[in-house]
Every structure is written in structure tokens, then in C-alpha cells.
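Enquirer: I would like to see how this sequence folds:
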Amino acid sequence: MSARIFGANAQGRAGGCWPLARLAFLLLVAGSSPLQAQGDARSIAGRVLLPGGGTQGIPVAGAWVTLHRVGPDAAGPIDSMRTSRDGRYDFRYKATGDTSAIYFVSTSRGGVAYFTPPVRERAVRDGIAEIQVHDTTSASLAIRTVGRHLIITAPDSATRTTRTVVEIYELSNDSTRTRVAAGANGFTFDAVLPTGVTEVTPGPGDVSPEAIRVVDGRVRVNAPISPGVRQIAFYYEVPANRDPLEFLVESPIALLEVLVESPEAVASGGRLVADAPVQIEGRPFKRFEAKDVAAAQAITVTIPVGGAGGTNRVMLIVALVGGALAIALLLALRRSLITSRTRRGGDDAEAIALEIATLDTAFERRSAPTEVERTEYELARRQLKDRLNDVLANRSARP
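Expert: I've put the predicted structure just below:
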């Protein structure tokens with residue numbers, strides 16, 4: 001059973017460097033692995049697999065795999081090799097430089113890069129070191145929207161003429177193939193923008209900034225979408241006096257969330273209902289939520305004139321993307337883990353432990369979780385912990 005991997009475009013300027021940098025930053029901040037002394041001999045060994053072949057997967061022979069190091073002092077590849085006939089690789093290396101550096105292995109298939117989770121352990125073998133790759137297709141492939149989040153800030157404190165709207169989509173590819181764009185002008189995802197919006201700025205997400213562009217009033221993404229749940233985030237400016245703000249839901253959404261930096265704001269359409277307000281970076285946001293939203297729905301947000309101005313916009317965007325997704329991330333994670341286990345079969349203690357760590361990291365990004373969010377988190381964690389205990393008990397009972 002292979003651990004969850006991260007897909008990125010491996011071609012041209014949009015190569016996997018930006019998603020890799022984001023991934024490395026998040027893992028460095030999380031600091032979930034114990035540090036080892038500089039100069040320690042280490043190893044990471046695993047396999048490159050295609051889906052299929054029962055629970056083990058199909059080994060990929062001759063795949064080019066690269067060992068990377070990322071630290072605050074330096075970053076770059078440090079070794080590479082081809083996989084053996086049974087898809088195996090085995091790197092032996094020494095820790096160098098800053099002791100907080102992380103290491104991971106990458107490979108690519110069909111122009112799409114795949115990565116192991118970063119590690120700092122002295123010896124890693126199989127489990128999280130296994131990389132599941134996928135064949136690609138540019139043909140029509142169903143991509144579900146499991147979450148959409150609209151975050152609307154107060155007018156900018158400097159100009160008072162515009163306000164920022166952040167949009168985050170969580171897309172689920174439930175197939176065993178990676179969706180890629182057909183040709184230079186093709187795209188793997190697109191969505192309509194509000195009237196008058198002609199420019200967007202990419203935010204933290206799972207695709208390179210260069211892969212997001214605006215064409216004829218629509219935001220289009222030409223980055224690959226590999227199996228699993230992927231995040232796409234961007235933001236744009238709208239006139240502060242535009243009232244109401246209108247958004248269109250074009251395809252079904254499992255969870256729709258609207259956050260507005262105004263206590264008097266009202267969001268309607270798509271069966272939205274008001275929920276408990278939240279605070280992000282010390283700023284209050286009124287929250288609305290709807291589940292199982294049908295296609296062709298109009299969302300209207302009315303915001304009375306006035307309210308506090310914005311502060312550090314870039315940091316706020318990062319905080320919004322990290323904080324506003326707590327419930328959706330937990331739900332999407334649970335859904336994707338169930339899909340992953342069903343597809344691959346079986347249980348693996350190391351992989352379940354990684355799922356628990358991932359769940360903890362997602363929840364810790366929430367600065368002030370509500371009781372509903374905490375309950376969802378604790379339920380998911382308890383279920384994973386029970387499964388881990390069962391697997392460990394079965395393992396110790398084997399002769």
C-alpha cells in the first residue's frame with residue numbers, strides 16, 4: 001500500500017517547483033518528524049507503482065527517481081537512479097547542512113511529477129516511500145467539486161474602493177488516471193468569474209501560478225489533476241460599492257462555504273444557511289454554509305456599506321486559505337482516504353499513521369475551531385486510531 005502522493009506539472013516553467021516549495025514549507029512549519037544529527041547515515045527505499053495488480057499495484061521498471069533535499073540553507077536534488085525490474089529504488093545518503101532540512105523522492109510519468117511525503121527519519125522503507133503514479137488522459141474525465149469557498153474581505157484600508165474575494169475549489173478526481181490539458185490552449189478545470197473581473201492572482205494551492213489564467217470572463221487551469229483531492233485557490237478585486245455581489249454555481253458542489261468580513265452581511269441561494277461566525281487573524285467573518293448544492297444556482301451576497309478596512313492582504317489570503325477550509329478539508333480527507341483504501345484494498349499501519357498526522361495538521365491550521373469542526377475532527381481521528389490499533393493487533397498476532 002502506498003502513501004498519498006502529490007501531483008504537479010513537470011513540464012516547462014510550471015514545473016513542480018512551486019507546489020513543491022509550498023509542500024516543503026508546510027511540512028517544515030508542521031515539524032512533525034524528529035530531527036536527527038547532521039551527518040547521520042540515512043536511507044529511503046520504496047517502489048514506483050501503477051494502480052492495479054490487486055492490493056500491491058503494478059511495479060514500474062526503469063522509472064527515473066530523484067532524491068531531493070529542501071532546507072532553509074539550500075535546496076535541490078542530491079541523487080538519482082532508475083527503478084529495478086520490480087519497481088524498487090534504494091537511496092543511501094547523509095544528512096547535511098541545517099538539521100531542519102527535509103528529504104523526499106520524486107518521479108514522473110506522462111509529464112506529471114509525483115512525490116513522496118517529506119521525511120527526516122534515519123531509515124524509511126516502503127509505506128510512505130512508495131510512489132503511486134498514474135497514466136494520463138486528455139479525454140473527458142469527471143472531476144467532482146467537493147468544496148467551494150468564497151471569502152469576501154472588508155474594503156482595502158488604503159483605497160476603500162475595492163474589496164478582495166478569495167475563491168478556493170477542492171476538486172476530486174476519483175479515477176485512476178491523471179487528467180491533463182489537451183494542447184497548449186486546453187484546460188483541466190474552468191469556472192465563471194463575476195461580471196467585470198478580468199484578472200486573478202493565484203493563491204496557495206496544488207497547482208503552479210503559471211497554470212491559472214483568465215479567458216473571456218472565466219478562470220482556466222491547465223495543470224494536471226491527479227487522482228485524489230486537489231486545491232485550486234485564487235483571488236481578485238471587486239468594487240467596494242458593488243451590492244449585491246453575485247456568483248454562479250455551475251456544477252454540483254458537496255460543500256459550499258461563504259465567509260464575509262461584515263457582521264451585517266447576508267448570503268443567499270443554493271440553500272445557504274448562517275453558521276457560527278469565525279475569526280481569522282483576529283478579524284471576524286460571518287459564515288454561511290450549504291451542502292449538496294445543485295448546479296445552475298445563483299449565490300447573492302449583500303454587504304452594507306462600512307466596516308473595518310483590510311490589513312496585510314497577502315498574509316490574510318494565506319490565513320484564509322489555511323483557516324477557512326477546516327471542515328471541508330476534514331470531510332474531503334475522510335472521503336479521499338475511504339476512496340483510496342477501497343481502490344487499493346487492505347490496511348497498512350504506517351499509512352494509517354500518516355493519515356492521522358495529515359488530519360492533525362489540517363485541524364491545527366484552524367486558529368479557532370468551532371464545536372462542529374472539533375467533533376468532526378475527533379470522530380475522524382478516533383476512527384483512524386481504532387483502525388490503527390486493529391492493524392497493529394493483527395500484526396502482533398501473526399505467527
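Enquirer: CA only for contacts and neighbour counts going forward, please
Expert: Fine.
Enquirer: Show me the strands in the stretch 101-250 of the chain, by range?
Expert: Shown for the stretch 101-250 of the chain, the strands assigned by DSSP state E, counting those that start in this stretch span residues 102-109, 112-115, 123-125, 131-132, 136-137, 144-152, 162-173, 178-179, 189-192, 201-202, 212-215, 218-221, 228-239, 245-249.
Enquirer: Secondary structure element holding Asn389?
Expert: Using DSSP states H and E, Asn389 sits within helix 371-397.
Enquirer: follow-up on the earlier one: figure out which of the strands of the stretch 101-250 of the chain is closest to Ala274.
Expert: Of all the strands of the stretch 101-250 of the chain, it is strand 144-152 that lies closest to Ala274, at 14.0 Å by CA to CA.
Enquirer: okay, the strands of the stretch 101-250 of the chain in a markdown table with mean neighbour count, distance to Pro284 and mean pLDDT next?
Expert: Converted to a markdown table, the strands of the stretch 101-250 of the chain look like this (neighbours: other CA atoms under 10 Å; distance: least, CA to CA, whole Å; pLDDT from 0 to 100):
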| stretch | mean neighbour count | distance to Pro284 | mean pLDDT |
| --- | --- | --- | --- |
| strand 102-109 | 22 | 36 | 90 |
| strand 112-115 | 25 | 37 | 86 |
| strand 123-125 | 14 | 44 | 91 |
| strand 131-132 | 26 | 41 | 90 |
| strand 136-137 | 17 | 43 | 87 |
| strand 144-152 | 22 | 11 | 90 |
| strand 162-173 | 22 | 15 | 89 |
| strand 178-179 | 26 | 38 | 89 |
| strand 189-192 | 17 | 28 | 93 |
| strand 201-202 | 17 | 23 | 88 |
| strand 212-215 | 18 | 29 | 92 |
| strand 218-221 | 20 | 28 | 94 |
| strand 228-239 | 20 | 19 | 88 |
| strand 245-249 | 18 | 19 | 95 |
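Enquirer: Please name whichever of those is nearest to Arg92.
Expert: Arg92 lies closest, by CA to CA, to one member of the strands of the stretch 101-250 of the chain: strand 123-125, at 9.2 Å.
Enquirer: Flag the shaky bits of the stretch 201-350 of the chain, pLDDT-wise.
Expert: For the stretch 201-350 of the chain, the stretches with pLDDT under 70 are 281, 306-350.
Enquirer: One more pass at 80, please.
Expert: 204-208, 278-283, 305-350 (pLDDT under 80).
Enquirer: Helices along that one, start to end?
Expert: Ranges of helices within the stretch 201-350 of the chain are 313-323, 326-344, 349-364, based on DSSP state H, counting those that start in this stretch.
Enquirer: coming back round to it: of all the strands of the stretch 101-250 of the chain, which lies closest to Arg283?
Expert: strand 144-152 (12.0 Å).
Enquirer: Could you export that closest one as CSV, CA atoms only?
Expert: Coordinates of each C-alpha in strand 144-152 appear next as CSV, following Å, rounded to 0.1, in the frame of the first residue of the first chain:
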residue,chain,number,x,y,z
ARG,A,144,-16.1,16.5,-8.9
THR,A,145,-16.2,19.7,-6.9
VAL,A,146,-16.2,18.5,-3.3
GLY,A,147,-15.8,22.0,-1.9
ARG,A,148,-16.0,25.7,-3.0
HIS,A,149,-15.2,28.5,-0.6
LEU,A,150,-15.9,32.2,-1.2
ILE,A,151,-14.1,34.6,1.3
ILE,A,152,-15.0,38.3,0.9
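Enquirer: for that strand, packing partners?
Expert: Secondary-structure packing of strand 144-152 (3 or more CA pairs under 8 Å, 6 or more residues apart in numbering; DSSP states H and E): strand 162-173, strand 253-260, helix 326-344.
Enquirer: Please report how far Ile303 lies from Ala63.
Expert: Distance from Ile303 to Ala63, counting by CA to CA, to the nearest Å: 54 Å.
Enquirer: pLDDT averaged over the helix holding Asn389, what's the number?
Expert: Average pLDDT, helix 371-397: 66.
Enquirer: So Tyr103 sits against Leu67, correct?
Expert: Yes - the pair Tyr103 and Leu67 qualifies as a contact (CA atoms under 8 Å) at a distance of 7.1 Å.
Enquirer: any common contacting residues for the two?
Expert: Shared contacts of Tyr103 and Leu67, defined by CA atoms under 8 Å, 6 or more residues apart in numbering, are absent.
Enquirer: Apart from its chain neighbours, what residue comes closest to Asp79?
Expert: Once flanking residues are discounted, Asp79 sits nearest to Leu67: 5.2 Å by CA to CA, 6 or more residues apart in numbering.
Enquirer: Sweet, I'm off.
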